[in-house]
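J.: Turn this into a model:
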Amino acid sequence: MLEARGHLLTEQANPESQNLDQLSALELVELFNQQDLHTLKAIAGAKQELAKAIEMISAALKSGGRLFYVGAGTSGRLGVLDAAECPPTFCTDPELVQAIIAGGDAALVRSSEGLEDSASEGAKVIQLRGIEALDVVVGITAGGTTPYVQGALREAKTRGSQTIAMSCVPYDQVAIEADLDIRLLTGPEIVAGSTRLKAGTATKMALNILSTGVMVSLGKVYGNRMVDVAVTNRKLEDRALRILEDLTSISRSQAEELLEQSGRRVKLALLMYWTGLDAREGLDLLQAHQGHLRSSLDAHIL
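T.: Predicted coordinates for the structure are as follows:
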């Protein structure tokens, strides 16, 4: 018998949008604007769990583990987006933060929602990726019931991995087996059941917080500057040079020379400028302090 899901918060009809098809374009935009305020409240309501997740993931990655997002449909695509943005933003190894979406790469551009109904496929992909005890698996499912995600979380747990669940329904509506359970309660959608809306927005916000918080903990940021930025195009080269100029007060031409001396690595360039070390010495110091620029500077002063 098909399981009824109408009781789920994400499936309920929103009383504020009952006349949606009768609204003017401006009225529709205003309604969206009002409803999207619920995403901020949802993030605030989950701040303790999000902080714990940052600490859990950071500790795992510092110990040699990896972070995996698992999802289907919109949830899966959001996981792929966040994982894909880590290498260019924070110069991470592409293996460090990975995403698994039901249906694989094809599901990114063509809907494959039918594949989310298989818990065994979710478990299988965890096995195929070689996920182990050092890794952390974040299962993303707006409605909390996606078999693919639940199967993946159960398999990850049996392999000793730490697990985190992220959903948009209350605890008493759906139980999810995970070490940490994050609930982003955004309420019924403007279009009933369309979780690409508020639920998707809140999920993207939560993933922004998770990955950025983890990267800050890993030393990818100095102050509020992305000092591990990958200098791979003109925009990012300009950003790298501006970071050097702003933090050291040197000229543009001096920044260009310093960036080249460091092998186009902003963090190393800053360390070289502030300590007088050459590139090899600077790299050794950074490696001794797990890539943390501030810790490396403090150690050099001492």
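
J.: Do a quick rundown of the helices in this protein.
T.: 25-35, 37-45, 47-62, 73-90, 119-128, 147-158, 198-217, 234-248, 252-261, 266-275, 279-288, 293-301 (DSSP state H).

J.: Just the buried residues of the third one, please?
T.: Buried residues in helix 47-62, counted by 16 or more other Cβ atoms under 10 Å: 49-50, 53-54, 56-58, 60-61. No exception for glycine: its C-beta is placed from N, CA and C like everyone else's.

J.: repeat for stretch 22-33
T.: In stretch 22-33, counting by 16+ other Cβ under 10 Å, buried: Leu31.

J.: same question, stretch 195-213
T.: Buried residues in stretch 195-213 (16+ other Cβ under 10 Å): 195-207, 209-213.

J.: Ok, which of the helices of the chain comes nearest Val137?
T.: With Cβ to Cβ as the criterion, Val137 lies closest to helix 147-158 of the helices of the chain, at 4.0 Å.

J.: And that closest one, what does it pack against?
T.: Secondary-structure packing of helix 147-158 (3 or more Cβ pairs under 8 Å, 6 or more residues apart in numbering; DSSP states H and E): strand 67-71, helix 119-128, strand 136-140, strand 162-167.

J.: one step back: what's the closest of the buried residues of helix 47-62 to Ala230?
T.: Comparing those against Ala230 with Cβ to Cβ places Leu61 closest, at 17.8 Å.

J.: that older thread, how about the helices of the chain in CSV, adding mean pLDDT and distance to Pro170?
T.: As requested, the helices of the chain are exported to CSV (pLDDT from 0 to 100; distance: least, Cβ to Cβ, whole Å):
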stretch, mean pLDDT, distance to Pro170
helix 25-35, 98, 18
helix 37-45, 98, 11
helix 47-62, 98, 14
helix 73-90, 95, 17
helix 119-128, 96, 22
helix 147-158, 97, 17
helix 198-217, 98, 13
helix 234-248, 95, 42
helix 252-261, 96, 50
helix 266-275, 96, 43
helix 279-288, 96, 45
helix 293-301, 92, 40
